[in-house]
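> Pasting the sequence and the predicted model now:
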Amino acid sequence: MQENLINLSYLISAVLFIIGLKMMNSPKTARRGNFYSAFGMLIAICAALFEKGVVSYQFIIIGLVIGSAIGAFLAATVKMTQMPQMVGLLNGYGGLASTLVGIAEYARLYPNLSIYDTVTILSTIIIGAITFSGSVTAYGKLEGIVSGQPITYPLQKTLNLLQFFVIVCGSIFLVLHPENCIWFSVVVLVSFILGILLVLPIGGADMPVVVCLLNSYSGMAGCAAGFVLSNYCLIITGALVGASGIILTQIMCKAMNRSMTNVMFGAFGKVEAGSADKRQVTVQGYTPDDAVVVLESASLVIIVPGYGMAVAQAQNNTRELADLLEKKGAVVKYAIHPVAGRMPGHMNILLAEANVPYEKLYEMNDINSEFERADVALVIGANDVTNPAAKNNSKSPIYGMPILEVEKAKTVIFLKRSMAPGFAGIENELFLLPKTMMLFGDAKDTVVKLVNLLK
């Protein structure tokens with residue numbers, strides 16, 4: 001009876017996970033979907049605590065208290081702009097947990113491991129270790145601890161292939177001789193190293209895609225851990241995370257017009273020596289008073305929110321600015337790039353927090369044709385996703401990436417703290433156009449000044 005109740009609880013959890021995932025499709029239902037998924041996880045955890053294999057609850061309770069405290073602290077203190085880093089770390093924690101499960105099961109069953117035990121344990125450890133070390137490296141790049149530029153060195157791909165060869169051959173040897181703990185340790189160690197070396201040569205502009213891919217890896221590691229523990233709920237949950245992570249990765253790659261292999265091995269974002277423009281370019285700065293003159297006479301204003309808006313937490317002020325423009329007779333729309341909307345800054349979430357109607361948010365393919373009619377394109381810190389070099393400069397590292405075509409608007413008002421480049425590490429050609437008005441300073445302060453002047 002107890003076993004049937006546990007399996008029924010796992011089934012209910014799986015259904016709640018699927019419903020929750022489906023509800024993530026729309027911002028209107030995403031919050032409820034998140035609640036359903038969390039409630040399903042609570043049911044799954046409670047059911048797992050009644051498994052026959054649980055001998056002592058002492059360490060489980062200690063782990064629950066410590067983990068809950070850390071999770072609550074992070075939820076209360078992490079800024080929205082740090083969500084990519086946070087997601088990267090959470091992926092890493094999932095990979096590390098799966099790795100520890102595999103190591104613990106290897107130690108418990110040693111030396112009497114069957115072929116099935118060895119294969120599932122090795123799968124869990126290899127995927128989990130690569131996920132953990134790769135996610136920590138991605139976190140370091142996003143946080144600025146590790147250089148956002150691709151880090152390359154001679155024979156890099158050869159070394160990675162050699163490590164992959166060691167992992168494969170070591171795994172085959174362990175299937176035949178599972179009692180050889182030295183080779184087991186080698187496979188674990190090389191897997192950790194491989195995760196680091198796979199992410200180091202990837203540029204900062206591709207980190208959102210890498211984080212999505214690592215999310216998929218963490219799901220696959222969890223799924224493999226489910227086979228190790230014979231836990232149906234863990235298998236289903238891991239498969240859901242792995243599949244959804246791959247789908248999101250493909251969406252992000254499509255948004256950047258890049259293949260997944262190109263992201264993983266292309267050293268995207270690397271500025272080759274001698275390729276940088278050495279010209280000393282002077283960009284004229286404008287004042288909010290200058291910008292208001294243009295805004296007051298505009299009939300169609302398209303706002304392009306970016307990472308700068310997220311950093312400054314200017315979403316509420318941006319909505320207030322839009323409301324004032326609409327009262328003066330202007331039509332206001334928001335242009336959301338697929339990459340910026342899903343990961344760096346999470347534009348959709350920020351604007352939803354500011355109560356911006358979802359109907360006013362337009363994806364890139366739907367809004368690009370509108371820029372030609374727009375009197376003003378108001379860009380708030382969106383750098384790489386508006387750079388015309390993606391279309392005009394075949395030598396640019398972002399060449400081929402679909403962008404928001406803001407350069408077609410009659411006037412471009414660009415709010416930016418400085419002339420510093422974006423994630424890709426290159427200058428935005430938009431800054432040099434005669435129709436562009438650069439407003440330098442904190443995005444929130446600038447928008448507040450625009451609001452006060454319009455009032």
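Done, it's in.
> neighbours around F227, how many?
A count of nearby residues for F227, using other CB atoms under 10 Å, gives 19. Where C-beta positions appear, they are placed from N, C-alpha and C, glycine not excepted.
> wait, is it part of a helix?
Yes. Under DSSP: H, G, I helix; E, B strand; the rest coil, F227 falls within a helix.
> Give me the pLDDT value at it.
Looking at F227, its pLDDT is 94.
> Backbone torsions only: list them for V448.
In terms of degrees, to the nearest 10, the main-chain angles of V448 are phi -60, psi -40.
> Using just helix, strand and coil, how would you label the closest residue in space to it that isn't next to it in sequence?
Excluding the flanking residues, the one nearest V448 by CB to CB, 6 or more residues apart in numbering is N317, at 5.5 Å. Following three-state DSSP, the label given to N317 is helix.
> Number of residues surrounding N317?
The burial count for N317: 22, using other CB under 10 Å.
> ok, now how distant is it from A389?
Distance, N317 to A389, using CB to CB, to the nearest Å: 30 Å.
> Please apply the same query to M207.
Distance from M207 to A389, by CB to CB: 20 Å.
> Pick out whichever of the two has more residues nearby.
Of the pair M207 and A389, M207 is the one with more neighbours under other CB under 10 Å, namely 27 against 21.
> Hmm, P84 and the more buried one touching each other?
Yes. M207 is within contact range of P84, at 6.8 Å (criterion: CB atoms under 8 Å).
> Show me what stretch 364-378 is in contact with.
Here stretch 364-378 makes contact (CB atoms under 8 Å, 6 or more residues apart in numbering) with 255, 294-295, 297-304, 333, 335-338, 362, 402-413, 415.
> typo on my end, stretch 16-29
Contacts for stretch 16-29 (CB under 8 Å, 6+ apart): 30, 32-41, 43, 236-237, 240, 244, 348-349, 352, 358.
> For the stretch 51-200 of the chain, just list every one of the helices.
Assigned by DSSP state H, counting those that start in this stretch, the stretch 51-200 of the chain shows helices spanning 58-77, 83-109, 115-143, 156-176, 181-199.
> rewinding a little: what sits in contact with each of M207 and P84?
When contacts are counted by CB under 8 Å, 6+ apart, the set common to M207 and P84 consists of L142.
> wait, which of the helices of the stretch 51-200 of the chain is closest to Y232?
Distance to Y232, taken as CB to CB, is lowest for helix 115-143 among the helices of the stretch 51-200 of the chain, at 14.2 Å.
> chain center to the closest one, what's the gap?
18 Å (CA atoms, centre = their mean, to the nearest Å).
> buried ones in that helix?
By 16 or more other CB atoms under 10 Å, the buried positions in helix 115-143 come out as 117-142.
> For I18, give its distance to G33.
Distance from I18 to G33, by CB to CB: 10 Å.
> go on, I336?
Distance from I336 to G33, counting by CB to CB: 20 Å.
> The two: which is more packed in?
I336 (24 against 19).
> tell me the pLDDT at that one?
We have a pLDDT of 87 for I336.
> Check G204 too.
Taking G204 on its own, its pLDDT is 65.
> Same check on the one 4 residues further on?
What the model reports as pLDDT for P208 is 75.
> Wasn't it part of a helix?
Yes. Remark: P208 belongs to a helix, assigned using three-state DSSP.
> from what I can see it touches M83, true?
No. Using CB under 8 Å, P208 is not in contact with M83, being 10.3 Å away.
> okay, those two: which has more neighbours?
The neighbour count for P208 versus M83, taken as other CB under 10 Å, is higher for P208 (26 against 18).
> Okay, strands next: where are they in this structure?
For the chain, the strands defined by DSSP state E cover 300-305, 331-336, 361-363, 376-380, 411-416, 436-440.
> which one of the ones you listed is the most hemmed in?
Per residue and on average, the most neighbours among these fall to strand 376-380, with a mean of 29 (mean count of other CB atoms under 10 Å).
> Now do that one against strand 300-305, angle only.
Put simply, strand 376-380 runs at 10 degrees to strand 300-305, going by axes from the mean of the first three to the mean of the last three CA atoms, to 10 degrees.
> Neighbouring strands of strand 376-380 in the sheet, and parallel or not?
Partners of strand 376-380 in the sheet, by DSSP bridges, are strand 300-305 (parallel), strand 411-416 (parallel).
> quick one: least confident helix or strand in the chain?
The weakest-scoring helix or strand in the chain, judged by mean pLDDT, DSSP states H and E, is helix 338-342 (a mean of 64).
> quick revisit: could the strands of the chain go into a markdown table alongside distance to G71?
Output for these, formatted as a markdown table (distance: least, CB to CB, whole Å):
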| stretch | distance to G71 |
| --- | --- |
| strand 300-305 | 29 |
| strand 331-336 | 29 |
| strand 361-363 | 30 |
| strand 376-380 | 31 |
| strand 411-416 | 35 |
| strand 436-440 | 39 |
